[in-house]
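# structure for the following, please:
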Amino acid sequence: MYNDENNLYNYTYRKDGSELSHQRETVRPGGQPGPQGPEFEVKPVKKNRLGLKIAALALSCALLGGAAGGGAVWAASHYGGGNESEINVSNRPVTQVALRNVDGKTAMSDAEVYAANVNSVVSIRTSATAGYNFYRQPVETASAGSGFVLSKDGYILTNYHVVKGAETVTVTMYNGDEFPAQYIGGEEDYDIAVIKVEAENLQPVTLGDSATLNVGDHVLAIGNPLGELTFSMSGGMVSCVDRAINVDGTPFNMIQTDTSINPGNSGGPLFNQYGEVVGIVSAKYSQSSNGTTVEGLGFAIPMNDVFSMVKDIMTNGYVSNRAYLGITPQTMTENWAAQYHYDITAGVFITYVEPDSAADKAGLKMGDVITKVDGTDIKSVEDLNLAKKKYSAGDSATLEVYRPDGTVTVEITWGAAPKEDQAAQQQETQQYPGNRNDNSGNGGSYGSPFEDLFRYFYG
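Residues are numbered from 1 along each chain as shown. Alright, predicted model coming up:
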């Protein structure tokens, strides 16, 4: 018997779906049973098993889908969605950099080297008049470089090419203080210059021993790259020590490094891992001789090579102890050998000997060809100039010299050019330029050596 909630309909049916009797009950429109009024026939409902199965399947899918959706919402709310998203943030305290004293014994971190020395590094700006425009107004040029403090009273070391030809030089300290600088002296062949500012209690660097560097040692540079990125530090390693390179015709003995070096770094310090200055950043190769672009080739002047000169400039205003031979040199060539019937085609041909010079006192004479200095082969004027850089005035050396009648060994004591004859110091770095006739040292005009040379060979 089935009864609806209002008892309006009731019927029975068998398992096979047939009716129990053919009696019909009637209801009145008002809902009361009775024999009168319209009759509504209620037929038995037949089971639809396939439909039930489909409905059950649909219900199951709906339940599973709802469960999956609810799980996704729960996961999103717990693992990156909703208002409960979380981001892991470290609460590590800021590392404090210790301000250490440079003692030459304690290895320092890069940050400690920077903290210990940044107040000793300076930015250098220079200006000069390059000429005049159409309206006869001066046209000024400006350049930038780096340097470092040598003494508390304001002596600063930089590259010669940074301040060469400058009319004004301005130094900026790390704290922003600016000072006009005075040029004290320099040595172009070594690319060093000393300038000075009127200041007190500056923080000087500590100079180290560049001879202790090994290939692979860690080094750091602090400077003013591009003239704008002031007091930047870069790091790398020593790629080679005692690297001989030629810069615009001048030979240099350099520390090679892959430390990032750019225009504006010139004159800045190169530090070792103990915070000592072991080199002066001087040059960068960005292109090889055949036009190939290169990277990671930076060079610095070894501190040991120029230390005595720097002290000399600070004391005397010029390099008084630079090794000086007193000759006019010429690179030996096959043409010269054929012309003078020499059996040698490489070396330094002496075209003139300055009276009372170190060369004259050692017995060198016009027509000699220097082939070795203390066992080092000399094949050109550049080789001789590079060899001389290892000596100071008063040092001794042994020269191997070729003469038409045989090879001889000559002992010399290097001399020094007098202060009033600075041009003579530069003279030995150049070969004889046949068209010059100025009186720029070595005892007279350049015409005289060739007259003497002609008489030497042809009487």
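# going forward, measure contacts between C-alpha atoms and count neighbours the same way
Noted.
# and the helices in the stretch 301-450 of the chain?
Remark: helices assigned in the stretch 301-450 of the chain by DSSP state H, counting those that start in this stretch are 303-316, 334-340, 358-362, 381-388, 422-427, 447-458.
# residue ranges in the stretch 1-150 of the chain under the pLDDT threshold?
1-83 (pLDDT under 70).
# how about a cut-off of 50?
Counting by pLDDT under 50, the stretch 1-150 of the chain contains low-confidence residues at 1-15, 17-47, 68, 72-77, 80.
# how about the stretch 351-459 of the chain?
In the stretch 351-459 of the chain the weaker segments, taking pLDDT under 50 as the threshold, are 423-427, 429-459.
# can you rerun that using 80?
417-459 (pLDDT under 80).
# quick one: the strands in it?
For the stretch 351-459 of the chain, the strands defined by DSSP state E, counting those that start in this stretch cover 369-373, 376-377, 396-403, 406-413.
# quick check: angle from the longest strand along the chain to helix 381-388?
Looking across the chain with DSSP state E, the single longest strand is strand 232-247. Note on geometry: by axes from the mean of the first three to the mean of the last three CA atoms, to 10 degrees, strand 232-247 and helix 381-388 are set 120 degrees apart in direction.
# which parts of strand 232-247 are buried?
Neighbour-count burial for strand 232-247, counted by 16 or more other CA atoms under 10 Å, picks out 233, 235-241.
# pull the CA atoms of it into PDB?
Only the C-alpha atoms of strand 232-247 are listed here, as PDB (Å, rounded to 0.1, in the frame of the first residue of the first chain):
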ATOM      1  CA  SER A 232      83.200  49.800  -7.800                       C
ATOM      2  CA  MET A 233      85.000  46.600  -6.900                       C
ATOM      3  CA  SER A 234      85.700  43.700  -9.200                       C
ATOM      4  CA  GLY A 235      87.500  40.400  -8.600                       C
ATOM      5  CA  GLY A 236      89.400  37.700 -10.400                       C
ATOM      6  CA  MET A 237      92.700  35.900 -10.400                       C
ATOM      7  CA  VAL A 238      96.200  36.400 -11.500                       C
ATOM      8  CA  SER A 239      96.400  34.900 -15.000                       C
ATOM      9  CA  CYS A 240     100.200  35.500 -15.500                       C
ATOM     10  CA  VAL A 241     103.100  37.200 -13.800                       C
ATOM     11  CA  ASP A 242     105.800  39.100 -15.600                       C
ATOM     12  CA  ARG A 243     103.800  39.300 -18.800                       C
ATOM     13  CA  ALA A 244     105.700  41.400 -21.400                       C
ATOM     14  CA  ILE A 245     103.300  43.500 -23.400                       C
ATOM     15  CA  ASN A 246     103.700  46.500 -25.700                       C
ATOM     16  CA  VAL A 247     101.500  49.600 -25.300                       C
END
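# ok, then the element right after it?
For strand 232-247, the following helix or strand on the C-terminal side (DSSP states H and E) is strand 250-257.
# listing partners with orientation, what would you give for that following strand?
With DSSP bridges as the test, strand 250-257 is paired with strand 232-247 (antiparallel), strand 298-302 (antiparallel).
# wait, which of these is closest to residue 331?
Across those, residue 331 has its closest neighbour in strand 232-247 (15.8 Å, CA to CA).
# now stretch 301-308: average pLDDT?
Stretch 301-308 comes out with an average pLDDT of 92.
# could you pull out the strands in the stretch 101-250 of the chain for me?
Under DSSP E, counting those that start in this stretch, the stretch 101-250 of the chain gives strands at 121-132, 138-149, 155-158, 168-172, 178-187, 192-197, 218-223, 232-247, 250-257.
# can you pull up the most central residue in the protein?
Against the mean C-alpha coordinate of the chain, by CA atoms, centre = their mean, the closest residue is residue 260 at 1.5 Å.
# if the closest residue to that residue other than its chain neighbours is in a bridge, with which residues?
Take residue 260 and drop its neighbours on the chain: the residue closest to it by CA to CA, 6 or more residues apart in numbering is residue 234, 5.8 Å away. Counting by DSSP bridges, residue 234 is bridged to residue 221.
# contact partners for residue 234?
Contacts for residue 234 (CA atoms under 8 Å, 6 or more residues apart in numbering) come out as 220-222, 259-261.
# just give me the neighbour total for residue 251.
The local packing of residue 251 (other CA atoms under 10 Å) involves 21 other residues.
# okay, and the beta partners of it?
Applying DSSP bridges, one finds that residue 251 bridges with residue 246.
# enumerate every residue touching it.
Contacts of residue 251 by CA under 8 Å, 6+ apart are 244-245, 382-383, 385-386.
# how close does it get to residue 277?
22 Å (CA to CA, to the nearest Å).
# ok, now residue 172?
Distance of residue 172 to residue 277, given as CA to CA: 20 Å.
# more crowded one of these two?
Neighbours per residue, other CA under 10 Å: of residue 172 and residue 277, the larger number sits with residue 277, 25 against 19.
# just checking, that one touches residue 208?
Yes: at 5.3 Å, residue 277 and residue 208 qualify as touching, with contact defined as CA atoms under 8 Å.
# mutual contacts of these two, please.
Taking CA under 8 Å, 6+ apart as the criterion, residue 277 and residue 208 both touch residue 303.
# returning to what we had before: in CSV: the strands of the stretch 101-250 of the chain, plus distance to residue 399.
Listed next are those as CSV, based on distance: least, CA to CA, whole Å:
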stretch, distance to residue 399
strand 121-132, 42
strand 138-149, 37
strand 155-158, 34
strand 168-172, 43
strand 178-187, 25
strand 192-197, 28
strand 218-223, 37
strand 232-247, 21
strand 250-257, 20
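# still on that earlier bit, model confidence for the residue nearest to residue 260, exactly?
pLDDT at residue 234 comes out at 95.
# distance from the chain centre to stretch 217-237, please.
Distance of stretch 217-237 from the chain centroid (CA atoms, centre = their mean, to the nearest Å) equals 6 Å.
# please name the residues that touch the closest residue to residue 206 other than its chain neighbours.
Spatial nearest neighbour of residue 206, chain neighbours left out: residue 276 (5.3 Å); criterion: CA to CA, 6+ apart. Residue 276 makes contacts with 102, 104, 205-208, as judged by CA under 8 Å, 6+ apart.
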